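> sequence plus the predicted model coming up.
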Amino acid sequence: MFSPECYSLGRDVSAAMDHDIFLLNGDLERPLDFQFLRFVTKYKVKPKALLILVTPGGDADVAYRIARHLQEFYEEFSVFVSGWCKSAGTLCAIGANRIIMSTEGELGPLDVQLGRKDDLIGYGSGLEIEAALGALKGYTFNHFEGTMLEIISKSDGRVSVNTAAQIAANLTVGLFADIYSQIDPAKVGEIARSMMIARDYGARLASHSDNLKGGEDSLSLLVSSYCSHSFVIDFREARKIFNSLERPDDKLSALQMALGRCALFPEPETILECLSKPDVASKENDDGSQNDEKGNSSENQPTEGGFTEGGGKNGEDPSRSTYEEPPDSSAPVG
């Protein structure tokens with residue numbers, strides 16, 4: 001998948017930082033969390049880890065399990081935001097002791113994505129619901145207030161405040177009753193509960209990383225204060241939220257450049273790779289397969305969980321993530 005230069009630069013960064021270097025690019029959807037836990041366990045060498053995370057978001061449960069495992073498995077872990085790292089990616093970054101962000105890097109709000117019925121797009125933002133309810137509340141109050149004041153003004157004070165308020169209330173109810181009747185209280189409660197998922201997960205991850213300025217205030221900002229799901233949280237904005245935030249050094253910037261588009265934008269198929277793994281000497285057999293330094297053929301050699309080095313299934317691109325649950329699996333829990 002990647003050039004030898006990428007792995008060479010990855011080992012240089014690993015040596016300089018004393019970190020294992022992992023790349024995760026793609027949607028954070030199950031069963032990626034199970035694969036990630038096993039993959040990191042397999043390649044752990046250093047006491048600390050750096051995760052290069054490029055994602056449009058995904059399942060909050062998956063993001064939480066990935067961050068939680070890195071917190072428990074390493075003394076310290078950092079997230080390198082080299083490009084897109086949205087929604088659930090931001091949740092994962094909250095668990096990091098340190099965030100490194102390039103000029104191209106951007107985080108995003110933590111609003112949950114909700115399924116839409118009869119819609120080709122498929123998902124909507126929880127922020128859309130909150131914005132709609134907030135706007136409707138504002139329209140209702142403004143109509144009531146404006147009507148009451150107008151009645152008092154045009155009557156030259158002959159109509160009392162109580163009478164004007166009653167008339168304005170009746171007019172407002174008549175105008176907005178049909179709109180409010182279409183709101184499903186159960187759906188509103190479901191949305192409110194869903195929005196709490198990111199807040200609760202974020203609070204647990206932040207209690208370990210201690211990297212959120214203001215704690216609960218910063219979580220509230222990320223969950224509900226931004227106006228859209230796509231809002232760009234760049235380096236300058238992120239400085240208001242995180243305690244430990246820095247720019248990449250020359251070695252890490254060189255690795256980002258070598259990775260190219262993969263370090264900037266999510267790929268259609270998930271990529272999971274260890275960029276700091278050793279450069280194992282190998283030689284080619286007569287049949288074209290590779291021998292490792294112990295002389296074992298690498299052709300179609302299965303590993304635990306049914307995927308080979310780099311995360312791919314046997315016979316596929318090793319850096320493309322696929323997963324098959326083996327019988328009697330005992331995957332470590334984050």
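Structure's in. What do you need? Numbering: from 1, shown residues only.

> how about the helices in the stretch 1-150 of the chain?
Here the stretch 1-150 of the chain has its helices, by DSSP state H, counting those that start in this stretch, at 4-17, 32-43, 60-73, 88-94, 126-154.

> which one of the ones you listed lies nearest to residue 262?
When those are ranked by proximity to residue 262, the top entry is helix 4-17, at 9.1 Å, counting by CB to CB. Glycine gets a C-beta too; all of them are placed from N, C-alpha and C.

> verify the contact between residue 78 and residue 48 for me.
Yes. A contact is recorded between residue 78 and residue 48 when judged using CB atoms under 8 Å, the distance being 7.5 Å.

> okay, and the common contacts of the two?
Between them, residue 78 and residue 48 share these contacting residues under CB atoms under 8 Å, 6 or more residues apart in numbering: residue 19.

> so between the two, which is more surrounded?
For residue 78 versus residue 48, the count of surrounding residues by other CB atoms under 10 Å is larger for residue 78: 22 against 17.

> list the contacts of the more buried one.
19, 48, 49, 50, 51, 96, 97, 98, 99, 100.

> ok, the last one to residue 79 distance?
Applying CB to CB, to the nearest Å, one obtains 7 Å for the distance of residue 100 from residue 79.

> so between those two, which is more surrounded?
When neighbours are counted by other CB under 10 Å, residue 100 and residue 79 differ, and residue 79 comes out ahead with 30 against 21.

> now that one, nearest residue through space, not along the chain?
Leaving out its chain neighbours, the residue that sits closest to residue 79 by CB to CB, 6 or more residues apart in numbering is residue 96, at 4.1 Å.

> so the one you found touches residue 67, yeah?
Yes. In this structure, residue 96 is within contact of residue 67 by CB under 8 Å, at 7.3 Å.

> next, the contact list for residue 206, please.
94, 95, 212, 215, 218, 219.

> you'd agree the fifth one is in a helix?
Yep, that's residue 218 we're talking about. Yes. Assignment of residue 218 by DSSP: H, G, I helix; E, B strand; the rest coil places it within a helix.

> name the nearest residue to it, sequence neighbours excluded.
Spatial nearest neighbour of residue 218, excluding adjacent residues (CB to CB, 6+ apart): residue 212 at 4.4 Å.

> swap in the last one?
Take residue 219 and drop its neighbours on the chain: the residue closest to it by CB to CB, 6+ apart is residue 202, 4.9 Å away.

> from residue 70, how far out is residue 270?
17 Å.

> when these two are compared, which one has more neighbours?
The neighbour count for residue 270 versus residue 70, taken as other CB under 10 Å, is higher for residue 70 (29 against 23).

> helix/strand/coil for residue 230?
Here residue 230 is coil, with the state taken from three-state DSSP.

> I'd say it and residue 108 touch.
Yes. Counting by CB under 8 Å, a contact exists between residue 230 and residue 108, whose distance comes to 6.8 Å.

> ok, those two, which is more surrounded?
For residue 230 versus residue 108, neighbours defined as other CB under 10 Å are more numerous around residue 108 (22 against 13).

> phi, psi of the more buried one?
phi -150, psi 170 (degrees, to the nearest 10).

> on that earlier part again, from residue 53, how far out is the residue nearest to residue 219?
Shown here: residue 202 relative to residue 53, a distance of 16 Å by CB to CB.

> repeat that for residue 229.
Look at residue 229 and residue 53: by CB to CB, they are 18 Å apart.

> higher neighbour count, these two?
With neighbours defined as other CB under 10 Å, residue 229 and residue 53 compare such that residue 53 has more, 30 against 20.

> residues contacting that one?
Contacts here follow CB under 8 Å, 6+ apart; on that basis residue 53 touches 24, 79, 80, 81, 85, 89, 92, 93.

> secondary structure element for the nearest residue to residue 13 once chain neighbours are set aside?
In space, residue 13 comes closest to residue 251 once its chain neighbours are excluded; the distance is 5.0 Å by CB to CB, 6+ apart. Assessed by DSSP states H and E, residue 251 sits inside helix 250-259.

> for that helix, packing partners?
Helices and strands in packing contact with helix 250-259 are listed as helix 4-17; criterion 3 or more CB pairs under 8 Å, 6 or more residues apart in numbering; DSSP states H and E.

> which element, helix or strand, includes residue 214?
With DSSP H and E as criterion, residue 214 is part of no helix or strand.

> can you tell me how far it is from residue 108?
With CB to CB as the criterion, residue 214 and residue 108 are 19 Å apart.

> count the neighbours of the residue nearest to residue 79 for me.
Each residue near residue 96 was counted by other CB under 10 Å, and the total is 27.

> which neighbours do residue 230 and residue 108 share?
Going by CB under 8 Å, 6+ apart, residues that sit against residue 230 and also against residue 108 are residue 86.

> would you mind writing the CA trace of stretch 155-165 as PDB?
These are the backbone C-alpha positions of stretch 155-165, laid out as PDB (Å, rounded to 0.1, in the frame of the first residue of the first chain):
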ATOM      1  CA  SER A 155     -55.400  50.900  21.700                       C
ATOM      2  CA  ASP A 156     -53.600  53.900  23.200                       C
ATOM      3  CA  GLY A 157     -53.500  52.000  26.500                       C
ATOM      4  CA  ARG A 158     -57.200  51.400  26.700                       C
ATOM      5  CA  VAL A 159     -56.600  47.600  26.500                       C
ATOM      6  CA  SER A 160     -54.900  46.300  29.700                       C
ATOM      7  CA  VAL A 161     -51.700  44.300  29.600                       C
ATOM      8  CA  ASN A 162     -53.600  41.200  30.900                       C
ATOM      9  CA  THR A 163     -56.200  41.400  28.200                       C
ATOM     10  CA  ALA A 164     -53.600  42.100  25.500                       C
ATOM     11  CA  ALA A 165     -51.600  39.100  26.700                       C
END
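
> great, nothing more from me.
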